[in-house]
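Asker: sequence first, predicted model second:
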Amino acid sequence: MYTIEDFRKINKSENIVISLHGQLRLNERNITVDDVMNAIDNGEIIEQYPTDFPFPSCLILGLSINGVYIHIVVSMNDDKIYLITAYVPNSDKWENDMKTRRQEVKK
């Protein structure tokens, strides 16, 4: 499992590889690579996905360069960070701390 320090050690724009899906989401959500890097620098891992392929991934909660909470899903190998997606967490799905998923109400 990753630690946030693992990501911070290699957190440079030239080390970030963005998936096609990730690029589409960044564009539609007006999130920049600088926002992603800032979130890694000031954020924390809130969920781990150890069975993701080809590398385990995790969800990081951090702040954009404008101080807005964002979630980023990333994985890594020795020298690259792979950005899978990024979004502004929705209070309908997340508690006020933006770390805890709201329980779904069964109908």
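Answerer: Sure, I can see it.

Asker: secondary structure class for the residue sitting nearest the centre point of the chain?
Answerer: Nearest to the geometric centre of the chain sits Ile72, at 1.4 Å (Cα atoms, centre = their mean). Reducing the assignment at Ile72 to three states with DSSP: H, G, I helix; E, B strand; the rest coil gives strand.

Asker: report the contact partners of it.
Answerer: Taking Cβ atoms under 8 Å, 6 or more residues apart in numbering as the contact definition, Ile72 lies against 36, 39-40, 43, 59-60, 62, 83, 85-86. In short, each C-beta sits where N, CA and C put it, glycine included.

Asker: for Lys93, state which of these is nearest.
Answerer: Taking Cβ to Cβ as the measure, Leu59 is the one of those closest to Lys93, at 12.2 Å.

Asker: can you pull the phi/psi pair for that closest one?
Answerer: Geometry field for Leu59 lists phi and psi as phi -110, psi 120, criterion degrees, to the nearest 10.

Asker: was I right to think it contacts Ser75?
Answerer: No - with contact taken as Cβ atoms under 8 Å, Leu59 and Ser75 are classed as non-touching, separated by 10.9 Å.

Asker: about what we covered before: how far away is the spatially closest residue to the residue nearest to the centre of the chain that is not a sequence neighbour from Cys58?
Answerer: With Cβ to Cβ, 6 or more residues apart in numbering as the criterion, Ile72 has its nearest non-adjacent residue at 4.5 Å, and that residue is Ala86. In this view, Ala86 and Cys58 are 13 Å apart by Cβ to Cβ, to the nearest Å.

Asker: overlap in contacts, the two.
Answerer: When contacts are counted by Cβ under 8 Å, 6+ apart, the set common to Ala86 and Cys58 consists of Val73.

Asker: state the distance from Asn30 to His21.
Answerer: Asn30 is 16 Å from His21, by Cβ to Cβ.
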